[in-house]
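A.B. asks: can you look at this prediction? I've put the sequence above it.
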Amino acid sequence: MTNDYREMIYHLDNIIKKINSLSNDTSSDIKVDWKNIQKIKKTLSEFIIILKNQNNISGINLEKLKHVSDIVYDLNDNNLFSDFTDYISNELYAFEFLLQQIKNK
């Protein structure tokens, strides 16, 4: 597995960990649609498995990525770009940037 793939997995894993921390924080005032949160986690977990097992980005469904990106944007916008949602957005952007870099090689 290349360092780029490890870094991509790292960013996806950071998003999942952050989302999981929200599930455990009963005092959070973050506005979320839990169905969408589950979609994000499921899709990103699929991407991690693809990167680990196939060691190839061709298995990453770009339509699913776009859908997750839209959900994350709405989550960020609905929460006035809070630290929590901004973190998730930045991690997803870093993943997308690396994906694009690899595709352009």
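C.D. replies: Happy to help now that I have it.
A.B. asks: every contact and neighbour count from this point should use C-alpha atoms.
C.D. replies: Noted.
A.B. asks: give me the below-cutoff pLDDT ranges for this structure.
C.D. replies: 1, 25-27 (pLDDT under 70).
A.B. asks: ok, now with 90
C.D. replies: Low-confidence segments of the chain (pLDDT under 90): 1-3, 21-34, 54-58, 80-82, 102-105.
A.B. asks: now do the helices in it.
C.D. replies: If you assign secondary structure with DSSP state H, the helices in the chain sit at 3-24, 34-54, 62-78, 83-103.
A.B. asks: buried set for the first one?
C.D. replies: Spelled out, it's helix 3-24. Of all the residues in helix 3-24, those buried under the rule 16 or more other C-alpha atoms under 10 Å are Tyr5, Met8, Ile9, His11, Leu12, Asp13, Asn14, Ile15, Ile16, Ile19, Leu22.
A.B. asks: please name every helix or strand in contact with it.
C.D. replies: Counting contacts by 3 or more C-alpha pairs under 8 Å, 6 or more residues apart in numbering; DSSP states H and E, helix 3-24 is packed against helix 34-54, helix 83-103.
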